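Novice: take this sequence and fold it.
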Amino acid sequence: MPPGGALAPGVVPQPGQVGFRGNRANLKVVDGPGSAPPGTQWNTGALRFGGGDVTLDGVYVKGGIEYNGRGTLTIRNSVIEGNHFSWAPLLGNSGHIDVRDTTITYKDSQWPGRQWGNGAIHGDSTVTIIRCDISGTPDGIQNGPGNSIIEQNHIHDMLRSGTYPNNTHNDGIQNYGGANLSIKYNRIDISADGKAYDGTHQNGAVFIMPSSGSPSKNLQVVGNYLAGGGYILRLGAPMSGAVVTDNRFGTTAGGWGEVLLDGGGILRWANNLDVNGRAISQPN
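Specialist: Sure, this is the predicted structure:
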């Protein structure tokens, strides 16, 4: 059971209900070569794994985590605070990352270079991300290959920085296509100051951007609270078999609407409600 009590299945978390909820003083601090777990390498502010099946449980990593190779990186009941020495707080270049009941953020005053697209969880790994608190980066989760589960997380307080045209384009979840991506019962709120879009920074709470080489297939966006973005939910093409049901949307103030659909591909659309509780018609 997660520290602080379990969140019932199928429930959207309230702020403070997910992530690491225990006493951080009880966590094992990892912040340099001397505290790096066996089989890992501390490289100037980042904890690096070369592959294999490895587990981190009850750690406080004061730096980025980078995973390469085959296998699964499992993270439980931990805190990850990225810094400018790593591309993302949690970078998965391959394999699978399974992270639950963990807080992932970025608190370094320096951002790592001129790229504004980094996510707190980023890369080409498939992922299972459950009951995590994610904040502090331009994007929350960036998913490359699909075949992933993103469930009951709280994604919020994205880094809004820069001025046009060199500014962040914030997304809660950004996906590049692939099959069988499941986004369920998350609280994704990238709004700020009562507006979905401030005119510069926020793009979408969920942004699906497939390509001809990696079409989106069998996407599920179910039971989430979604807020923030010029359009809150952006569904690109090519897409097929998408199920979008039982979502609640925040305000569209400053933006253009709840949903933008490019090219169709929705198999089922039902019970999606706006901020006033009114049904949102299926987009064409």
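
Novice: rest of the way, CA atoms for contacts and neighbours
Specialist: Noted.

Novice: what's the nearest residue to P238 if we skip its chain neighbours?
Specialist: Distances taken as Cα to Cα, 6 or more residues apart in numbering put P215 closest to P238, at 5.1 Å, once the chain neighbours are dropped.

Novice: test my guess that that neighbour contacts N175.
Specialist: No. Between P215 and N175 there is no contact under Cα atoms under 8 Å: 10.7 Å.

Novice: verify the stated contact: S78 with V99.
Specialist: No. Here S78 does not reach V99: they are 9.1 Å apart, not a contact under Cα under 8 Å.

Novice: which ones are touching the closest residue to N143 other than its chain neighbours?
Specialist: Of all residues not flanking N143 in the chain, N175 sits nearest, at 4.7 Å (Cα to Cα, 6+ apart). Taking Cα atoms under 8 Å, 6 or more residues apart in numbering, we find N175 in contact with 142-144, 146, 207-210.

Novice: please give the element, helix or strand, for P38.
Specialist: For P38, there is no host helix or strand (DSSP states H and E).

Novice: one more: the one 10 residues further on?
Specialist: Applying DSSP H and E as the criterion places R48 in strand 46-49.

Novice: buried ones in the following helix or strand past that strand, by neighbour count?
Specialist: Using DSSP H and E, the helix or strand that follows strand 46-49 in sequence is strand 54-57. Neighbour counts over strand 54-57 (16 or more other Cα atoms under 10 Å) mark D57 as buried.

Novice: list the neighbouring strands of strand 54-57 plus their orientation.
Specialist: strand 72-76 (parallel) (DSSP bridges).

Novice: what bridges to V29?
Specialist: Y60.
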